[in-house]
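Engineer: please work out how this folds:
(one chain, ligands or ions: 1)
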Amino acid sequence: MTRVLILNGPNLGRLGVREPEVYGSASYTDLVAAGERWGAELGLEVQVRQTDDEAEIVGWLHGAVDDGAHVVLNPAAFTHYSYALRDAAAQVTTAGLLLLEVHLSNPAAREEFRHHSVVGAVATGTIAGFGFDSYRLALSALAVRLVQSA
Ligand code: DQA
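Structural biologist: Numbers count the residues shown, from 1 in each chain. Coordinates of the predicted model:
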């Protein structure tokens with residue numbers, strides 16, 4: 001079965017508590033359950049992870065390359081400044097795997113510092129602004145792309 005890692009960066013473990021007016025009232029546990037359910041519906045083996053640690057998420061991206069897993073990545077604040085994460089994400093797409101950048105909110109409609117993503121240029125594509133549905137849309141787009149390229 002096609003493997004997909006849904007990787008989440010810093011503070012996303014605080015969903016439901018953190019700025020619910022921006023990120024919604026559902027919890028990170030809800031996101032894990034939804035991601036696994038959507039994956040099963042699409043015939044994808046989905047694993048959802050979250051870390052506040054840049055080194056850990058970089059290591060997970062290396063693991064995705066080594067294991068041939070596609071990635072749905074919400075880099076959270078790392079989006080805007082982590083060249084280490086960008087370079088690790090580039091290894092995923094240059095290996096021929098898909099990497100979809102997702103955001104719950106629409107960073108382009110928020111503070112200036114959120115307008116630029118250092119990851120976007122090495123991602124397969126980006127989906128932002130749809131809350132949890134950003135992840136669902138990313139999984140669907142990934143499944144469609146896999147069928148198209150089969
Ligand atoms: C976010 C947007 C980022 O700007 C922010 O730092 C986050 C979450 C989102 O999902 O909307 O932590 O990636």
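Engineer: I'd like to know which helix or strand in the protein has the lowest mean pLDDT.
Structural biologist: Least confident helix or strand, the chain: helix 20-23 with a mean of 93, by mean pLDDT, DSSP states H and E.
Engineer: other residues contacting that helix?
Structural biologist: Helix 20-23 is touched from outside by 15, 104-105, 131, with contacts defined as CB atoms under 8 Å, 6 or more residues apart in numbering. For glycine as for every other residue, the C-beta is placed from the backbone atoms N, C-alpha and C.
Engineer: what about that helix, near the ligand?
Structural biologist: No. Taking CB under 6 Å from any ligand atom as the criterion, helix 20-23 and the ligand are apart, separated by no less than 6.6 Å.
Engineer: ok now that helix, how far from the chain's centre?
Structural biologist: With CA atoms, centre = their mean, to the nearest Å as the basis, helix 20-23 stands 18 Å off its chain's centre.
Engineer: residues of that helix that come out buried?
Structural biologist: Under the neighbour-count criterion of 16 or more other CB atoms under 10 Å, helix 20-23 has Tyr23 buried.
Engineer: which strands and helices lie in contact with the helix or strand immediately after it in the chain?
Structural biologist: Counting by DSSP states H and E, the element after helix 20-23 in chain order, helix or strand, is helix 28-42. Counting contacts by 3 or more CB pairs under 8 Å, 6 or more residues apart in numbering; DSSP states H and E, helix 28-42 packs against strand 2-8, strand 44-50, helix 133-148.
Engineer: measure how helix 28-42 sits relative to strand 44-50, angle-wise.
Structural biologist: Orientation of helix 28-42 against strand 44-50 (axes from the mean of the first three to the mean of the last three CA atoms, to 10 degrees) gives an angle of 170 degrees.
Engineer: tell me the angle helix 28-42 makes with strand 2-8.
Structural biologist: Between helix 28-42 and strand 2-8, the angle comes out at 160 degrees (the same axes, to 10 degrees).
Engineer: give me the contacts around helix 28-42.
Structural biologist: 4, 6, 8, 12-16, 45-46, 48, 50, 72, 132, 135-136, 139-140, 143.
Engineer: so His70 bridges to which residues?
Structural biologist: Val4 (DSSP bridges).
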